[in-house]
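1. Here is the input, now give the coordinates:
(one chain, ligands or ions: 1)
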Amino acid sequence: MPHLIVLRHGESEWNKTNKFCGWVDVSLSENGKKQAERSAELLLKQKEVGKPDICFTSRLTRANQTAEIILDRMHRLFIDTDKTWRLNERHYGAFQGRDKTEVLAEVGKEKYMFVRRAYTGCPPLCDPDAECRSLDDRYNLDAEDEKKLGLSGGEMPRGESLEMVVGRLVPYYKAAIEPELAKGRTVLVVTHGSVVRALLKVLYSISDDDISEVNIPNGIPIKIDLDAETLKPRKDKWEYLDPERAKVEAEKVRLQGFKK
Ligand SMILES: O=C(O)[C@H](O)COP(=O)(O)O
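-> Residues are numbered from 1 along each chain as shown. I've put the predicted structure just below:
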């Protein structure tokens, strides 16, 4: 039976300092590294799932570090690890680098939560020559793989809604990730909060309204057992490998910016 293991990276330095991050390439905090270690421990206990056969991650350091820590602890550093911009966090546009509490005070609670969690919520766009777009060389790194997969990334984003993340994720999921699951493999996807939300929305047919209530904690794996034929989830709800901690941490994510 194919297994999909999905998680958001461990706490980043900017998660810790309450800043919007998006495509800015920051590292894990020490706590984030510990969360990655704990994720590996949780996965090692999942005897029926077995160890990952292949890993997919983003072009951002915080996710790559998390993946490397997990694979190292599971003695699976030798497996293929595919990196792609399509698993990057949503681009947070002109909010990137800004303090969440300051943005909340500036735009008000309704707009703040609309941008963060509404399906169509999009931050103000960043300047075309903004620092964060220095990723474009790595973005171009994917050009060859994109061509092989029959994908074309188009213009680099300057700010994304969750709807836009779904739009750039799904073609990649179908072209690169699903074929691995169709082989009955265990696939590890180490990515970002918005991408996990996008994937859950598609896999569990979560409505555009209901997805705004979904918050993703740092560094707690979600195990999704898939039907071998349809590659759809066998259960109607995803399960965290540490459900109690996930509930507490997800609420903290929702409240980011409201408490200093
Ligand atoms: O990119 C970021 O700022 C965070 O990882 C996600 O932030 P959010 O939970 O406010 O969307």
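
2. Could you check which residue of the protein lies nearest the ligand?
-> Closest to the ligand within the chain is C21: 3.5 Å, counting by CB to the nearest ligand atom. C-beta here means a position set from N, CA and C on the backbone, and glycine is covered the same way.

3. In terms of helix, strand or coil, where does that residue fall?
-> coil (DSSP: H, G, I helix; E, B strand; the rest coil).

4. Dump the C-alpha coordinates for the top helix by length along the chain into CSV.
-> Secondary structure of the chain read by DSSP state H shows that its longest helix is helix 30-44. Output in CSV follows, covering the C-alpha atoms of helix 30-44 (Å, rounded to 0.1, in the frame of the first residue of the first chain):
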residue,chain,number,x,y,z
GLU,A,30,17.8,25.2,17.1
ASN,A,31,14.3,24.3,18.2
GLY,A,32,13.4,23.6,14.5
LYS,A,33,16.3,21.1,14.3
LYS,A,34,15.0,19.3,17.4
GLN,A,35,11.5,19.2,15.9
ALA,A,36,13.1,17.5,12.8
GLU,A,37,14.8,15.0,15.0
ARG,A,38,11.5,14.3,16.8
SER,A,39,9.8,13.8,13.4
ALA,A,40,12.3,11.1,12.6
GLU,A,41,11.7,9.4,15.9
LEU,A,42,8.0,9.4,15.3
LEU,A,43,8.5,8.0,11.8
LEU,A,44,10.9,5.3,13.0
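
5. contacting residues around that helix?
-> 5, 7, 9-12, 15-16, 28, 49, 51-52, 62, 65-66, 69-70, 72-74, 218-221, 241-242 (CB atoms under 8 Å, 6 or more residues apart in numbering).

6. circling back: test my guess that the residue of the chain closest to the ligand contacts W14.
-> Yes - between C21 and W14 there is a contact under CB atoms under 8 Å: 4.4 Å.
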